[in-house]
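J.: quick one: sequence and predicted model below, then my questions.
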Amino acid sequence: MASIGPEIYQWALQGACADGDPDALLVQGAAQHRAKIVCMGCEVRTECLAEALDSRVEFGGWGGMTERERRAILRRRPDVRSWRSLLLTAREQHESGEVIDLRMSATAPEGARSERSPR
């Protein structure tokens, strides 16, 4: 398959929706809840959601969230400069067993956002 642009967007080729009909995900209203089922278990769901939040994508299901869900997150967290940075860091911390505090800014010092969880 041909390259789709900068390396930062190569994740899109690995999406669960990559071989499907893109119009099936770019729906409105209640149809988004059905469309986001495609995202469940997708290995690049975090990257997709980060792209939608960082780019302020207004339509369709992205990263397993509806338009309304994404707008609510953006309203609650206007301080986040990079959703990609925040979400990828949170995923790494989750996978390593760290306790995550997503209430902190994406630009906060690393130690301020998490602490080791007891094992």
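T.: Yes, it's here. The structure displayed is predicted, hence computed values, not measured ones. Numbers count the residues shown, from 1 in each chain.
J.: list the contacts for Tyr9?
T.: Glu51 (CB atoms under 8 Å, 6 or more residues apart in numbering). Yep, even glycine has a C-beta here, placed from its N, CA and C like the rest.
J.: for it, helix, strand, or coil?
T.: The local conformation at Tyr9, judged by DSSP: H, G, I helix; E, B strand; the rest coil, is helix.
J.: now stretch 37-55, how far from the centre of its chain.
T.: Stretch 37-55 sits 4 Å away from the centroid of its parent chain (CA atoms, centre = their mean, to the nearest Å).
J.: now that stretch: average pLDDT?
T.: Mean pLDDT, stretch 37-55: 91.
J.: got a list of contacts for it?
T.: Contacts for stretch 37-55 (CB under 8 Å, 6+ apart): 9, 11-12, 14-17, 20, 24-25, 57, 61-65, 70, 73-74, 80, 82-84, 86-88, 91.
J.: switch to 6 Å and redo it
T.: Contact with stretch 37-55 is made by 11, 14-17, 62-64, 70, 83-84, 87, 91, as judged by CB atoms under 6 Å, 6 or more residues apart in numbering.
J.: could you flag which of those residues are buried?
T.: Neighbour counting by 16 or more other CB atoms under 10 Å classes Trp11, Gly15, Ala16, Cys17, Trp62, Gly63, Gly64, Arg70, Trp83, Arg84, Leu87 among the contacts of stretch 37-55 as buried.
J.: so the residue nearest to the spatial centre of the chain: helix, strand or coil?
T.: The residue lying closest to the centre of the chain (CA atoms, centre = their mean) is Leu49, at 2.2 Å. In three-state terms, and counting by three-state DSSP, Leu49 is helix.
J.: circling back to that earlier point, next, format the contacts of stretch 37-55 as TSV and append pLDDT.
T.: Formatted as TSV, the contacts of stretch 37-55 follow (pLDDT from 0 to 100):
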residue	pLDDT
Trp11	86
Gln14	89
Gly15	88
Ala16	88
Cys17	87
Trp62	89
Gly63	92
Gly64	91
Arg70	94
Trp83	95
Arg84	93
Leu87	93
Arg91	89
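J.: for those residues, work out which two are farthest apart.
T.: Maximum pairwise distance in the contacts of stretch 37-55, criterion CB to CB, is 21.1 Å, between Gln14 and Arg70.
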